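[1] I'll drop the sequence and a predicted model, then ask my questions.
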Amino acid sequence: MSGCDVSGWRQVQRGARENGMRYDSSYADLGVRDAEIAAHAAFRKRLYDHDVVPEAQAAAAALS
């Protein structure tokens, strides 16, 4: 898997489960919950901002 290896997909799955638990559970300290939600949002931004085009172009060039 180019760009995101298997451990990357596991990280995405784990993050999704943890995020669901944040919304479904009661936190004694909402500041902790809010900080975790913000950190997860930052992780998603980094994940989805990954530009696959340069890597794909290099792979295509290697085939020619």
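    Sure thing, it's come through. Numbers count the residues shown, from 1 in each chain.
[2] if I look at Ala58, how far off is Val52?
    11 Å (C-beta to C-beta, to the nearest Å). Every residue, glycine included, has its C-beta placed from N, CA and C.
[3] quick one: common contacting residues for these two?
    Common neighbours of Ala58 and Val52 are not found (criterion: C-beta atoms under 8 Å, 6 or more residues apart in numbering).
[4] Output the contacting helices and strands for the helix or strand of the chain with the lowest mean pLDDT.
    Scoring the helices and strands of the chain by mean pLDDT, DSSP states H and E places helix 6-24 at the bottom, with a mean of 80. Under the contact criterion of 3 or more C-beta pairs under 8 Å, 6 or more residues apart in numbering; DSSP states H and E, helix 6-24 touches helix 30-48.
[5] and the helix it packs on, what does it pack onto?
    By 3+ C-beta pairs under 8 Å, 6+ apart, helix 30-48 packs against helix 6-24.
[6] Report the buried residues of the helix it packs on.
    For helix 6-24, the neighbour count (16 or more other C-beta atoms under 10 Å) marks Asn19 as buried.
[7] Next, the angle helix 30-48 makes with that helix.
    Counting by axes from the mean of the first three to the mean of the last three C-alpha atoms, to 10 degrees, helix 6-24 points 150 degrees away from the direction of helix 30-48.
[8] Report the distance from helix 6-24 to the chain centre.
    Its chain's C-alpha centre and that of helix 6-24 lie 8 Å apart, by C-alpha atoms, centre = their mean, to the nearest Å.
[9] now do stretch 15-25
    Using C-alpha atoms, centre = their mean, the offset of stretch 15-25 from its chain centre is 14 Å.
[10] cool, and stretch 44-51?
    For stretch 44-51 - counting by C-alpha atoms, centre = their mean - the centre lies 7 Å from the chain centre.
[11] Looking at Pro49 now. What's its pLDDT?
    No Pro there; residue 49 is Asp. Note for Asp49: predicted pLDDT of 85.
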